[in-house]
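K.L.:
Let me see the structure of the following:
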Amino acid sequence: MTEIQEKYQAIASQLVDKSVTLVPVSKKKPVEDLMQIYEIGGRIFGENYVQELTEKYEQMPKDIEWQLLGHLQRNKVKYIAPFVNLIHSVDSLKLLREINKQAAKNERVINCLLQVFIAEEDSKTGMDENELPEAFAALSDLPNVKVVGLMGISTFTDNKEVVIREFRHLRKLYDEGKSSHPEWNVLSMGMSGDWQMAIEEGSTLIRVGTSIFGART
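P.N.:
Numbering: from 1, shown residues only. Predicted structure coming up:
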């Protein structure tokens, strides 16, 4: 077993009893690295960039569930609409409408997560929580998107109390949303540096890159 396979298995083995999905984030990593995970049964992969996602989709087996994690520009939705399984980074109602438009052209319904701004860093993106009701209200006119939950990125800090506070706030928003949207089943929070804390706070999906593939150049 390769080092990448061992790292993937080590994390996956901790999730067996937790109903948590592990998404390997393969940003800037070659197809050969992804195939190592595919060879031991991994069928879900996440990418941050549209161009890289489409290139890897073309090169890899077609039974893979591809997820777009990074910031998505509206003019690039058309490139992933034919095949993407889940878009994590829906940070505006305008983007949600564009995804619906492109999904309709491809006769698909695309699963989406609303990205909520929870961090203490201006570099992070996401909807303000006050924008969520408007997004919810618009869904009845967007039949080709299906919002299945929320996503958030915590502050990049060694202060665990800050990270836990942000995760707990997102979990609260998720629970409030799920009360009126029972079909929700994804709370996407937690990455290489904080996924254990995220799971303790209720995450159902973690996005792990460096801890599996190593540092990016």
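K.L.:
Backbone dihedrals for Lys27, both of them.
P.N.:
Per-residue torsions, Lys27: phi -50, psi 130 (degrees, to the nearest 10).
K.L.:
so who does the residue nearest to Thr157 when sequence neighbours are not counted touch?
P.N.:
Sequence neighbours aside, Val163 is the residue nearest to Thr157 in space, at 6.7 Å (criterion: CB to CB, 6 or more residues apart in numbering). Where you see a C-beta, it was placed from the backbone N, CA and C, and this is true even at glycine. Residues in contact with Val163 (CB atoms under 8 Å, 6 or more residues apart in numbering) are 154-155, 157, 194, 197.
K.L.:
hmm, 10 Å instead?
P.N.:
118-119, 154-157, 189-190, 193-194, 197-198, 201 (CB atoms under 10 Å, 6 or more residues apart in numbering).
K.L.:
Show me which of those residues are buried.
P.N.:
118-119, 154, 189-190, 193-194, 197-198, 201 (16 or more other CB atoms under 10 Å).
K.L.:
now stretch 202-217: how far from the chain's centre is it?
P.N.:
Its chain's C-alpha centre and that of stretch 202-217 lie 11 Å apart, by CA atoms, centre = their mean, to the nearest Å.
K.L.:
The residue nearest the centre of the chain in helix, strand or coil?
P.N.:
Nearest to the geometric centre of the chain sits His88, at 3.8 Å (CA atoms, centre = their mean). Secondary structure, DSSP: H, G, I helix; E, B strand; the rest coil: His88 is strand.
K.L.:
All the strands of this protein, residue numbers only.
P.N.:
21-24, 44-47, 65-68, 86-90, 110-115, 145-151, 186-188, 205-208 (DSSP state E).
K.L.:
Let me have those in CSV, adding mean pLDDT and distance to Leu34 as columns.
P.N.:
Formatted as CSV, the strands of the chain follow (pLDDT from 0 to 100; distance: least, CB to CB, whole Å):
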stretch, mean pLDDT, distance to Leu34
strand 21-24, 98, 7
strand 44-47, 98, 6
strand 65-68, 98, 11
strand 86-90, 98, 17
strand 110-115, 98, 21
strand 145-151, 98, 22
strand 186-188, 98, 20
strand 205-208, 98, 13
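K.L.:
could those strands be laid out in a markdown table, adding distance to Lys56?
P.N.:
Below are the strands of the chain laid out as a markdown table (distance: least, CB to CB, whole Å):
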| stretch | distance to Lys56 |
| --- | --- |
| strand 21-24 | 12 |
| strand 44-47 | 7 |
| strand 65-68 | 8 |
| strand 86-90 | 15 |
| strand 110-115 | 18 |
| strand 145-151 | 21 |
| strand 186-188 | 20 |
| strand 205-208 | 16 |
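K.L.:
Give me the distance between stretch 153-161 and the centre of its chain.
P.N.:
Counting by CA atoms, centre = their mean, stretch 153-161 is centred 18 Å from the centre of its parent chain.
K.L.:
Any stretches of this protein with poor pLDDT?
P.N.:
Residues of the chain that meet the criterion pLDDT under 70 lie in 121-124.
K.L.:
Adding distance to Arg74, write the buried ones among the contacts of Val163 out as TSV.
P.N.:
Putting the buried ones among the contacts of Val163 into TSV (distance: CB to CB, whole Å) gives the following:
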residue	distance to Arg74
Ile118	23
Ala119	23
Ser154	26
Met189	24
Gly190	27
Gly193	30
Asp194	30
Met197	33
Ala198	29
Glu201	31
